[in-house]
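**Student:** Sequence plus the predicted model coming up.
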Amino acid sequence: MSISLNPDQERLIEAKLQSGKYRSAEEVIELAFRLLDEYDRADAEWVEEVREKIDAAMIASTHTPPIDGEAFVNQILERF
């Protein structure tokens, strides 16, 4: 596989190499891929957690009597 980098990407890699923290462009790119994978996994976990919370709230709402919206807001306003 061959990958072409745009000038901004090349400058970013060069800057990372100039910092002395990385020894090669491959090292910079490998780290970027690992971080992307970590980000994608964390994002998927967050989405799943939100889905579970939404499902739980929907189930709870079927067991909870309806609330009059105006009365609810007035109760909150009275507290503050």
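**Tutor:** Alright, I've got the coordinates.
**Student:** Against which helices or strands is the lowest-mean-pLDDT helix or strand in the chain packed?
**Tutor:** Counting by mean pLDDT, DSSP states H and E, the chain has its least confident helix or strand at helix 69-79, which shows a mean of 93. The contact analysis (3 or more C-beta pairs under 8 Å, 6 or more residues apart in numbering; DSSP states H and E) places helix 69-79 against no helix or strand. Heads up, the C-betas are built off the backbone N, CA and C, glycines and all.
**Student:** list the buried ones in stretch 3-17?
**Tutor:** 13, 16 (16 or more other C-beta atoms under 10 Å).
**Student:** neighbouring contacts of it?
**Tutor:** 22-25, 28-29 (C-beta atoms under 8 Å, 6 or more residues apart in numbering).
**Student:** Out of the residues you listed, which two sit at the greatest distance?
**Tutor:** Arg23 and Ile29 (12.3 Å; C-beta to C-beta).
**Student:** So for the two, which residue has more residues nearby?
**Tutor:** The neighbour count for Arg23 versus Ile29, taken as other C-beta atoms under 10 Å, is higher for Ile29 (16 against 9).
**Student:** For the least confident helix or strand of the chain, C-alpha coordinates in PDB please.
**Tutor:** Provided in PDB are the C-alpha atoms of helix 69-79 (Å, rounded to 0.1, in the frame of the first residue of the first chain):
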ATOM      1  CA  GLY A  69     -45.000  19.600  32.800                       C
ATOM      2  CA  GLU A  70     -46.200  22.900  34.100                       C
ATOM      3  CA  ALA A  71     -46.500  21.600  37.600                       C
ATOM      4  CA  PHE A  72     -43.000  20.100  37.400                       C
ATOM      5  CA  VAL A  73     -41.400  23.400  36.200                       C
ATOM      6  CA  ASN A  74     -43.300  25.300  39.000                       C
ATOM      7  CA  GLN A  75     -41.900  22.900  41.600                       C
ATOM      8  CA  ILE A  76     -38.400  23.500  40.300                       C
ATOM      9  CA  LEU A  77     -38.900  27.200  40.300                       C
ATOM     10  CA  GLU A  78     -40.200  27.200  43.900                       C
ATOM     11  CA  ARG A  79     -37.000  25.300  45.000                       C
END
